[in-house]
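Novice: Predicted model, plus sequence, below.
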There are 2 protein chains.
Amino acid sequence: MDKKDLTITGNNLALLTDLYELTMAASYFHHKMFAPATFSLFIRDYPPNRGYFVSAGLDDVLDFLESFSYSKEDIDFLQGRELFKQDFLDFLSHLCFTGEVRAIEEGRLFFKDEPVLEITAPIIEAQLVETYVINAINLQVSIATKASRCVHASEGRRLVDFSLRRTQGTDAGLKVARSSYLAGFAGTSNVMAGMKYGIPIFGTMAHSYITSFNEEIDAFRSYAETFPKNTVLLIDTYDTVSGAQKAAAVGREMLARGERLTGVRLDSGDMAALSKEVRAVLRGAGLGDVMIFASGGFDEYKIARAIEKAAEIDAFGVGTKMGVAADAPYTDMAYKLVKYNGQPVLKLSSGKKTLVDEKQVFRSRNEGKLTGDTIALRTERLGGEPMLRRVMGSGKRLEPPETLPGIRERFQKEFAMLDGRYKRLDNPAHLPIALSAGLRELQEQVIHQVKEKELGES
Amino acid sequence: MDKKDLTITGNNLALLTDLYELTMAASYFHHKMFAPATFSLFIRDYPPNRGYFVSAGLDDVLDFLESFSYSKEDIDFLQGRELFKQDFLDFLSHLCFTGEVRAIEEGRLFFKDEPVLEITAPIIEAQLVETYVINAINLQVSIATKASRCVHASEGRRLVDFSLRRTQGTDAGLKVARSSYLAGFAGTSNVMAGMKYGIPIFGTMAHSYITSFNEEIDAFRSYAETFPKNTVLLIDTYDTVSGAQKAAAVGREMLARGERLTGVRLDSGDMAALSKEVRAVLRGAGLGDVMIFASGGFDEYKIARAIEKAAEIDAFGVGTKMGVAADAPYTDMAYKLVKYNGQPVLKLSSGKKTLVDEKQVFRSRNEGKLTGDTIALRTERLGGEPMLRRVMGSGKRLEPPETLPGIRERFQKEFAMLDGRYKRLDNPAHLPIALSAGLRELQEQVIHQVKEKELGES
């Protein structure tokens, strides 16, 4: 199936942009500024309780850049604003993206200040794509990072994305399913994400199913009749333990027919304590292998607490708090000009200073563990693994899109190399990130020049 | 322009759903359950620092319901899952939404436990639309409510939505622009939202524009040349006060040409203090009417602090924290079965008990101020304004879509009727919400019946 058929993110998104990208572009055009520019995409600082980020969203950015163009309707709309001259609008109507992209692959870790992506293109092109690039990567990094924390907390138990109803919109619903699967979730409840990305989909039943029957046990029997191979019964509608007893009765009826009750789901109350009572009920009925699934407000913190209390929970439905990255719903991600027309540039704004020039990140390891990164100039050759790879040239992908299982596996490998102290849910340690001598020297030099020129300092 | 041309939310979203909606539907179908069901959409509790909600998102829900259908590709995908029988898939392939929607209009306030929307339809239809309905309304209510708090804090200063780059995805970017405009923002930076919804769009320049020129003042001059009628200069790239001096120089040059500098923008540092210094620089240059615009981390709390410090800020760009409703990025919104086949139903789950039956909300006023609401049975006739209106019957809208300016005006009127103590940014008071005698009685009766039936209590 062609992914484009289903995408709600792929086509005609050129105007999903801040107006200032277009006004700046008009002014560059007016002043015949067509020289190449490099922009770096990076995160200025860690949100609370974060010590790493998971790269995610690059595939959407490459799709966007490959199809970047303005439709006739777009141009007509801009014309109607009475802001832009006709020669600029004509220019836009023929514009496509012709630049280069270097990036840290999806599924790799990255850290504060490190460019996860650099775009080099004629300044108008590189400028016009800013808003979408940040929008796509910021969200997917936030979610993949949050989801990786849930996976870490779950100590191997199965996690399923249940967030779709409360993600921030439809596009987020899809991207959350993808980003959480990338970070190690087993699948999602989101059917369209299953179709679009090939992610395994899971589903049980809601309270409405139970309450639409005259009695709870009728609902259980009816569901088992419809799905004899795949029945997970929601048991908390009236009372969890009484629900477990009825589920056990239905589980025994299924056994007698040669079928098997797959699981039960808890969705409210003290789930650690309830899970033990439910396990006892199931064991007492000879149904010790029935899976106990829990949902309702789980995130990495609540999962960790449940496991600490030795909850008898085999799998978690992880919803809203992961799906909106509730404790860190955005990153301080910026897309900043670092070089124009061969000259390294920066801004000095209070608290928001940037690192000049095109860069490379070198990652060091020792005995299979990450020991630190060095942010360097692109032209430097240091020890360690160079992390930014050239993935687009002349506006075209250099390789076909990656498979999601491949990215997922890459993440698992990389995450295993990150020491536990950097993964702590509260106050994690921060991996040492150094600046290379070359970058430090150039940075000082440019700051000095700018201060002399703009502030009269010498 | 046909809105459908541009929407990324309108079409073929039937599979943007949790799998369990489909498995439940299959089981209802299998058991020939086609009786009418009513589901209530409501919010269980206030997030921190919230004492009201703004209704938003209904228009998207009605669009979705009117176009609800499964495409051939959807059915093919479901068939491939080996979960569903052919007779059910055939049924789905011809399904559309034929039900009734009653709702509190967009732009009105609503409060915890109140149904903002009720859907009555054959149970399969009412069940299958759950996920999208919550997704659309939860986000837009969260954002409209957050935005209304910014508007309240700004005490009449102009606010512009700058959040697109860090909204959670593309769909959220559009919905945030609409929801914040609905709640009183002056406009958005989001060009596509301008096109799709007719919202005024605003734009200035980024730091990249400044740093792409050899000197800051060259950048200022060049921009003024391109946009002589509409120049807002970003002055914090190197140093805000020095930037203000250069902007003033360019402002005087513009004056000499018979043009006028529209404004300057601050984006970092202590903006309350800096705004006063910048105002002094501008006044000193005879440019006292140049607008001072500020952006950078503003939300209702930071706006209020700036105003308390007598900041000389005329307008705020409000970005990420509003665009993701950072301090309350979701609501505890639920869509619960309250009646099936003529029988009122509820669930008793710990902490998540629901109110039975179809409902109406009656709103009381005194001397132009809201005094409280009563949640009642649909059939009851109480004093006050009935808030839920029938907006869809037999799957069709009963009236054409409303205009956004009309909804925005409705919100302004309603918000003016809410006393200041309910709008406090911290720990607001909660408007009294009562349950009618009829609802309380039926609720007790159904709880008693359920406990007797399910738990053997009498």
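Specialist: Cool, got the structure.
Novice: Could you use CA atoms for every contact and neighbour count after this?
Specialist: Noted.
Novice: so what's residue A:89 up against?
Specialist: Under the criterion of C-alpha atoms under 8 Å, 6 or more residues apart in numbering or on different chains, the contact list for residue A:89 reads A:75, A:78, A:79.
Novice: That one: which element?
Specialist: Mapping residue A:89 onto the secondary structure by DSSP states H and E places it in helix A:86-93.
Novice: Determine the set of other helices and strands touching the next helix or strand after that helix.
Specialist: The element immediately downstream of helix A:86-93 (helix or strand, assigned by DSSP H and E) is strand A:100-104. The criterion is 3 or more C-alpha pairs under 8 Å, 6 or more residues apart in numbering or on different chains; DSSP states H and E, and the helices and strands that strand A:100-104 contacts are strand A:117-122, strand A:388-393.
Novice: deepest of these, which one?
Specialist: Most buried of those by mean neighbour count (mean count of other C-alpha atoms under 10 Å in any protein chain shown) is strand A:117-122; its value is a mean of 25.
Novice: Name the strands paired with that one and say parallel or antiparallel.
Specialist: Applying DSSP bridges to the sheet, strand A:117-122 is found paired with strand A:36-43 (antiparallel), strand A:100-104 (antiparallel).
Novice: Quick check: mean pLDDT of it?
Specialist: Predicted confidence along strand A:117-122 averages 98 (mean pLDDT).
Novice: okay, the angle between it and strand A:388-393?
Specialist: Going by axes from the mean of the first three to the mean of the last three C-alpha atoms, to 10 degrees, strand A:117-122 is angled at 40 degrees with respect to strand A:388-393.
Novice: Following element in sequence after the longest helix anywhere in chain A, please.
Specialist: For chain A, the helix that runs over the most residues, judged by DSSP state H, is helix A:130-154. Elements were assigned by DSSP H and E; along the chain past helix A:130-154, the next helix or strand is strand A:158-161.
Novice: How far away from the center of its chain is that following strand?
Specialist: Here strand A:158-161 is found 15 Å from its chain centre; the criterion is C-alpha atoms, centre = their mean, to the nearest Å.
Novice: Show me what that strand is packed up against.
Specialist: Contact partners of strand A:158-161 among helices and strands, from 3+ C-alpha pairs under 8 Å, 6+ apart: strand A:187-188, strand A:315-318.
Novice: Return the most buried member of the strands paired with strand A:117-122.
Specialist: For the strands paired with strand A:117-122, the largest average neighbour count (mean count of other C-alpha under 10 Å) is found in strand A:36-43, namely a mean of 24.
Novice: Could you give the average pLDDT over that strand?
Specialist: According to the model, strand A:36-43 has a mean pLDDT of 98.
Novice: and the residue most central in space within chain A, how far is that from chain B?
Specialist: In chain A, the C-alpha nearest the mean C-alpha coordinate belongs to residue A:140, at 2.3 Å (C-alpha atoms, centre = their mean). In this view, residue A:140 and chain B are 9 Å apart by C-alpha to the nearest C-alpha, to the nearest Å.
Novice: Distance to residue A:43 for the helices and strands packed on strand A:100-104 - can I get that in JSON lines?
Specialist: Conversion of the helices and strands packed on strand A:100-104 to JSON lines gives the following (distance: least, C-alpha to C-alpha, whole Å):
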{"stretch": "strand A:117-122", "distance to residue A:43": "11"}
{"stretch": "strand A:388-393", "distance to residue A:43": "15"}
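Novice: what's the closest of those strands to residue A:371?
Specialist: Each of the helices and strands packed on strand A:100-104 was checked against residue A:371 via C-alpha to C-alpha, and the shortest separation belongs to strand A:388-393, namely 18.0 Å.
Novice: Direction included, what does the closest one pair against?
Specialist: Each strand paired with strand A:388-393, and its direction, by DSSP bridges: strand A:100-104 (antiparallel), strand A:396-397 (antiparallel).
Novice: Any chance you could list what contacts the shortest one?
Specialist: Outside of strand A:396-397, the residues that reach it under the criterion C-alpha under 8 Å, 6+ apart are A:62, A:66, A:98, A:391.
Novice: Can you give me the domain boundaries for chain A?
Specialist: As recorded under automatic domain parsing, the domains making up chain A are A:3-143+A:328-455, A:155-323.
Novice: Please identify the deepest-packed of the ones you listed.
Specialist: Using mean count of other C-alpha under 10 Å, the stretch among the domains of chain A with the greatest mean number of neighbours is domain A:155-323 (a mean of 22).
Novice: and residue A:294, which of the three is it?
Specialist: strand (DSSP: H, G, I helix; E, B strand; the rest coil).
Novice: what sits against it?
Specialist: Going by C-alpha under 8 Å, 6+ apart, residue A:294 touches A:265, A:266, A:267, A:271, A:313, A:315, A:316, A:317.
Novice: how about TSV for those residues, with distance to chain B added?
Specialist: Formatted as TSV, these follow (distance: C-alpha to the nearest C-alpha, whole Å):
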residue	distance to chain B
A:265	13
A:266	10
A:267	8
A:271	11
A:313	18
A:315	17
A:316	15
A:317	12
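Novice: got CSV for the residues you listed, with distance to residue B:157 and pLDDT too?
Specialist: As requested, these are arranged in CSV below (distance: C-alpha to C-alpha, whole Å; pLDDT from 0 to 100):
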residue, distance to residue B:157, pLDDT
A:265, 50, 98
A:266, 49, 97
A:267, 45, 96
A:271, 48, 96
A:313, 52, 98
A:315, 50, 98
A:316, 46, 98
A:317, 44, 98
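Novice: with those residues in mind, which one is nearest to residue B:243?
Specialist: For those, with residue B:243 as the reference and C-alpha to C-alpha as the criterion, the closest is residue A:317, at 52.1 Å.
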